[in-house]
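Peer 1: Provide a 3D model corresponding to the input given below.
(one chain, ligands or ions: 1)
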Amino acid sequence: MSHFKPNILLAFVLALALGCKEHKQVPAPEGMVYIPESKEIEAFFMDESPVTVGQFRKFVEATNHVTEAENFGNSGVFTIEKNWFLKDGAYWEYPMGKDEPKAKDDHPVTQVSYNDALAYCKWAGKRLPTAAEWQHAANDGKELNTTYNWGNTLVVNDKYKANVWQGSFPYVNTLRDGFEHTSPVGYFGKTKLGLTDISGNVWEWTSDWDIPFGTKKENYQVNQQSQKVLRGGSFLCEPSFCHGYQLTGKSESTPETGLMHTGFRCVKDINPSDYQKTQ
Ligand SMILES: [Ca+2]
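Peer 2: Numbering: from 1, shown residues only. Down below sits the predicted model:
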């Protein structure tokens, strides 16, 4: 201690105390991961994976929620033969329609609108992430200067790192990653923070309105054409057509829209009492 000047020692102790407060990791609820804070974003919990068909079924059974696709009687389906069209009877349990296979419980739920996603998150005591929170989490809570979370190439050691489209979109899908449509959540591994399916599989709803470039958020007037921001890309993304699964990728859709390649995951704020539990 004798070699420390008092002011240096004080600065060191203060830095240590502040550092402990800012970076103390709070244990996440089951199925969620801790996302550390940045200058602009408070720390929060995020669902490890997109909400699955099985999880969504529990919500429907508990609340009798009827999705917008069910109310409309149809929802957005893509096929190589027909491109995008509204398919009668398509909804979360039969995302391609009743004449196609039932959705598997360990796959991400699809054919859910923004409003359906919001209802699920509220029921679960959570909320939808902002686009900035989603981006922050996808970047491991820092600035990654890579195309994807794991690096710059889609294939690493001969293995695909995400469920996307291989071939010439929208005509040929060679399925080299093993999946034509959704894949089981977590199949392609985890990020350093423990998140799965950050790239590909399904687009994910965020709470942000898609605001035209140059318009200030506070000046934006929500209207009938307003769309919500989607992040993450999907199994339909092929880079020359849609590179949505890169870290900066983005799409948008109107809040009532259900699509066969769109799902969501929820986030949860960290309460001061959660921090106290760790002390
Ligand atoms: Ca695929």
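Peer 1: Next up, phi/psi of the residue positioned nearest the centre of the chain, please.
Peer 2: For the chain, the residue sitting closest to the mean C-alpha position, by Cα atoms, centre = their mean, is Glu204 at 4.3 Å. In terms of degrees, to the nearest 10, the main-chain angles of Glu204 are phi -120, psi 130.
Peer 1: ok, it - contacts?
Peer 2: Pro50, Trp134, Leu230, Arg231, Gly232, Thr262, Gly263, Phe264, Arg265 (Cβ atoms under 8 Å, 6 or more residues apart in numbering). All C-beta atoms are positioned from the backbone trio N, CA, C, and that covers glycine.
Peer 1: try Val51
Peer 2: Under the criterion of Cβ under 8 Å, 6+ apart, the contact partners of Val51 comprise Pro108, Val109, Ala117, Tyr120, Gly263, Phe264, Arg265, Cys266.
Peer 1: Quick check: it vs Thr182, distance?
Peer 2: Between Val51 and Thr182 the distance is 12 Å, computed by Cβ to Cβ, to the nearest Å.
Peer 1: Between the two, which contacts overlap?
Peer 2: When Cβ under 8 Å, 6+ apart defines a contact, the residues bordering Val51 and Thr182 alike are Pro108.
Peer 1: end to end, how far does stretch 243-254 reach?
Peer 2: Across its full length, stretch 243-254 reaches 20 Å between end residues, using Cα to Cα, to the nearest Å.
Peer 1: Identify all contacting residues around that stretch.
Peer 2: 114, 131, 135, 138-139, 144, 146-149, 162, 164, 199-200, 203, 210, 225-234, 237, 242, 259, 262.
Peer 1: again, but for stretch 109-121
Peer 2: Applying Cβ under 8 Å, 6+ apart, the set of residues contacting stretch 109-121 from outside is 50-53, 55-56, 59, 63, 65, 67-69, 75-76, 90-92, 95, 103, 127-128, 182, 202, 205, 207, 228, 253-264, 266.
Peer 1: mind listing the helices in this structure by residue range?
Peer 2: Counting by DSSP state H, the chain forms helices over residues 6-23, 53-63, 68-72, 114-123, 131-138, 272-277, given from the N-terminal end onward.
Peer 1: in the stretch 1-150 of the chain, which segments are predicted with low confidence?
Peer 2: By pLDDT under 70, the low-scoring segments of the stretch 1-150 of the chain are 1-23.
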